[in-house]
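Engineer: Provided below for reference: sequence and predicted model.
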Amino acid sequence: MKYLIKNAQGIVTEQTATDIRIDKGVITEIGSDLLLQEGEQLIDASQCVVYPGFVNTHHHLAQSILKGIPAGLNQPLGDWLASVPYQYWPKITPEIMYSAACLGFYDLIRSGVTTCADHHYLYHAKTSPELEAAVWQAADDMGIRLVLCRGGATTKGTHKGLAKAGIEPESIDLMLRRLDDSYSLYHQNTDMPMRQLVVAPTSLIHSSPAEDLKQLSSFARQRNLRMHSHLLEVEFDQQQSLSKYEKSAVDYAAECEWLGSDVWFAHLVQANEQDIRTLSETKTGISHCPTSNCRLGSGIAPIIEMEQAGMNISIGVDGSASSESGSMLQELNLAWLLHRATHGAASTSLENVVKWGTQNGASLLGLDKVGKIEVGFAADIVLYDLNQVRYQGVHSTLYVPILCGEPAHIKLSMINGNVIYQNESCLVDKERLIANAQSSFIDLLTRVGC
């Protein structure tokens, strides 16, 4: 479809404009008073601000039906992992996974996300390929751009949750063979891919030994794939690295060839000054997940210091089991506020927070034509409807979505020029989403024996 978006009250772009022209999924013109051309469909943005779609750089879609589990409500990360995800995920079937993924995608889309990097770690020695296929299928059905960060472990290691779950991990040979299958089946080498694969062992310190991590990094770099993992979410990572390897967690990552511009880590809450220096020098990035870090009592990642050192800061929603939310707007609003509370009012600007949630995330994922409203870029565009009671009286019109946070009011959202959300409706019927989620919830409880 060809579109002309006209009369926006504000557009997040580098020039003053009110209109955007789109052809074949690409932004072809930005300006004001653009005239409707033959074959174009007009989109009236007269009471809207227009944003590039948000890029969520760390998520766990399987957790969309694991919200608020009583046993984990007041537990820190290690105990929470045993009580919540590792207790439930071995019982998740492809059908349950599909429902959870659709539910998670909906929550992301309705908060302005157009790209999701899902850290999918539901792999063990006997995992069926249909479990991963369900995530890809859900993304196709919901119309969202998916970067699947292929997790998993090759040892039971020292992680409390994995050790207590009694899960038989994959061998490194099996993991590499399955990764190669996924690469052949799903990964797209295009400028504006809808499907990307990332090599992402679940936990750098706990889930694979050094020799396996080196094989995984070699596999990724031979195929020009990005690399991702959890690191330094809590002090336990640093303690175990010092105990097992006699070096810091970041130095261990360096030894395993897991630092560089093609690598990003979720959390890094416990990164110290030396860690930040090393991460910055190697151009390693971060997915900052403030809601989850607060919810689990893990702390606050030092992203102001990281940004000052030159690191690429992006934002991740993380799993709904540790945030009870899948909202990117909540993450961005909290990121804007949280660091002002600890560093002062000038520490985070709205302009920077928007970059964290859009172009920084796209850059981190290697999506060079995503994350900006700019000629030649993918038409991943979100129109926020300002004609709402709660938005009245706001003077900084362009930043209403970040300032006011949830609930979001989106008129229309498109990815590669395809409309995937409009007036609270997505490509999959909402009633069907709810019914499938409720059925899967009951099925999972039955399988777990609750």
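Structural biologist: Perfect, I can see it now. Numbering: from 1, shown residues only.

Engineer: name the helix or strand of the protein that has the lowest mean pLDDT.
Structural biologist: Least confident element among the helices and strands of the chain, by mean pLDDT, DSSP states H and E: helix 160-165 (a mean of 62).

Engineer: from the contact counts, what lies against the helix or strand hosting Ile420?
Structural biologist: In this structure, Ile420 sits in strand 418-422 according to DSSP states H and E. With contacts taken as 3 or more C-beta pairs under 8 Å, 6 or more residues apart in numbering; DSSP states H and E, strand 418-422 sits against strand 410-415. Any C-beta I mention is one placed from the backbone N, CA and C, and that applies to glycine too.

Engineer: same question for the following helix or strand past the least confident helix or strand of the chain, mean pLDDT?
Structural biologist: Later in the chain than helix 160-165, the nearest helix or strand by DSSP H and E is helix 172-186. Averaged over helix 172-186, pLDDT sits at 98.

Engineer: cool, stretch 32-43 as well?
Structural biologist: 97.

Engineer: for that stretch, the distance to its chain's centre please.
Structural biologist: 33 Å (C-alpha atoms, centre = their mean, to the nearest Å).

Engineer: repeat for stretch 81-91
Structural biologist: Chain-centre distance of stretch 81-91: 21 Å, with C-alpha atoms, centre = their mean.

Engineer: how long is it end to end?
Structural biologist: Distance across stretch 81-91, first residue to last, is 15 Å (C-alpha to C-alpha, to the nearest Å).

Engineer: swap in stretch 6-17?
Structural biologist: Terminal-residue distance, stretch 6-17 (C-alpha to C-alpha): 9 Å.

Engineer: report the buried residues of it.
Structural biologist: By neighbour count on 16 or more other C-beta atoms under 10 Å, the buried set for stretch 6-17 is Lys6, Ala8, Gln9, Gly10, Ile11, Val12, Thr13, Ala17.

Engineer: could you do stretch 416-432 as well?
Structural biologist: For stretch 416-432, by 16+ other C-beta under 10 Å, it's Asn416, Gly417, Val419, Ile420, Tyr421, Cys426, Leu427, Val428.

Engineer: re earlier: what's the first helix or strand after the strand holding Ile420?
Structural biologist: strand 425-426.

Engineer: residues making contact with that following strand?
Structural biologist: Contact partners of strand 425-426, identified using C-beta atoms under 8 Å, 6 or more residues apart in numbering, comprise Tyr106, Ile109, Arg110, Met142, Gly143, Ile420, Leu433.

Engineer: about what we covered before: could I get the buried residues of stretch 416-432 as CSV with distance to Ser322 and pLDDT?
Structural biologist: Shown next, in CSV, are the buried residues of stretch 416-432 (distance: C-beta to C-beta, whole Å; pLDDT from 0 to 100):
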residue, distance to Ser322, pLDDT
Asn416, 31, 97
Gly417, 34, 97
Val419, 32, 98
Ile420, 26, 98
Tyr421, 25, 97
Cys426, 24, 93
Leu427, 28, 93
Val428, 25, 92
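
Engineer: can the residues you listed go into TSV with extra columns for distance to Tyr186?
Structural biologist: Below are the buried residues of stretch 416-432 laid out as TSV (distance: C-beta to C-beta, whole Å):
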residue	distance to Tyr186
Asn416	17
Gly417	22
Val419	24
Ile420	19
Tyr421	23
Cys426	22
Leu427	19
Val428	20
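
Engineer: ok, these vs Tyr121, which is closest?
Structural biologist: Lowest distance from Tyr121 to the buried residues of stretch 416-432 (C-beta to C-beta) belongs to Val428, with 24.5 Å.

Engineer: contact partners for that closest one?
Structural biologist: Applying C-beta under 8 Å, 6+ apart, the residues near Val428 are Cys102, Tyr106, Asp141, Met142.

Engineer: next, count neighbours for the first one.
Structural biologist: Cys102 has 28 neighbours, counted by other C-beta atoms under 10 Å.

Engineer: buried subset of the contacts of Val428?
Structural biologist: Buried members of these, scored by 16+ other C-beta under 10 Å, are Cys102, Tyr106, Met142.

Engineer: give the pairing partners of the longest strand seen in the chain; include direction for each.
Structural biologist: Using DSSP state E, we find that the single longest strand of the chain is strand 113-120. Note on strand 113-120: by DSSP bridges, its sheet partners are strand 54-59 (parallel), strand 145-150 (parallel).

Engineer: quick one: contacts of the first one?
Structural biologist: Spelled out, it's strand 54-59. Contacts of strand 54-59 (C-beta under 8 Å, 6+ apart): 104, 108, 111-119, 149, 228, 264, 266, 287, 289, 314-319, 326, 328, 332, 357-362, 364-365, 367, 370-371, 382.

Engineer: ends of stretch 339-351, what's the gap?
Structural biologist: Using C-alpha to C-alpha, the end-to-end distance of stretch 339-351 comes to 15 Å.

Engineer: centre of the chain versus that stretch, how much separation?
Structural biologist: 23 Å.

Engineer: and what of stretch 144-157?
Structural biologist: Chain-centre distance of stretch 144-157: 13 Å, with C-alpha atoms, centre = their mean.

Engineer: using CSV, write out every CA atom in that stretch.
Structural biologist: Output of stretch 144-157 as CSV, limited to C-alpha atoms (Å, rounded to 0.1, in the frame of the first residue of the first chain):
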residue,chain,number,x,y,z
ILE,A,144,5.5,-7.9,14.3
ARG,A,145,9.2,-7.8,13.5
LEU,A,146,10.8,-10.6,15.6
VAL,A,147,14.5,-11.0,16.6
LEU,A,148,14.6,-14.4,18.2
CYS,A,149,17.5,-14.6,20.7
ARG,A,150,18.0,-18.4,20.9
GLY,A,151,18.8,-19.3,24.5
GLY,A,152,19.4,-22.5,26.3
ALA,A,153,22.1,-24.1,28.4
THR,A,154,24.8,-26.8,27.8
THR,A,155,25.3,-27.5,31.5
LYS,A,156,23.2,-27.3,34.7
GLY,A,157,25.8,-25.0,36.1
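
Engineer: follow-up on the earlier one: so the strand holding Ile420 versus strand 113-120, what angle?
Structural biologist: Per axes from the mean of the first three to the mean of the last three C-alpha atoms, to 10 degrees, the angle that strand 418-422 makes with strand 113-120 is 90 degrees.

Engineer: list the strands paired with strand 418-422, with their directions.
Structural biologist: With DSSP bridges as the test, strand 418-422 pairs up with strand 410-415 (antiparallel), strand 425-426 (antiparallel).
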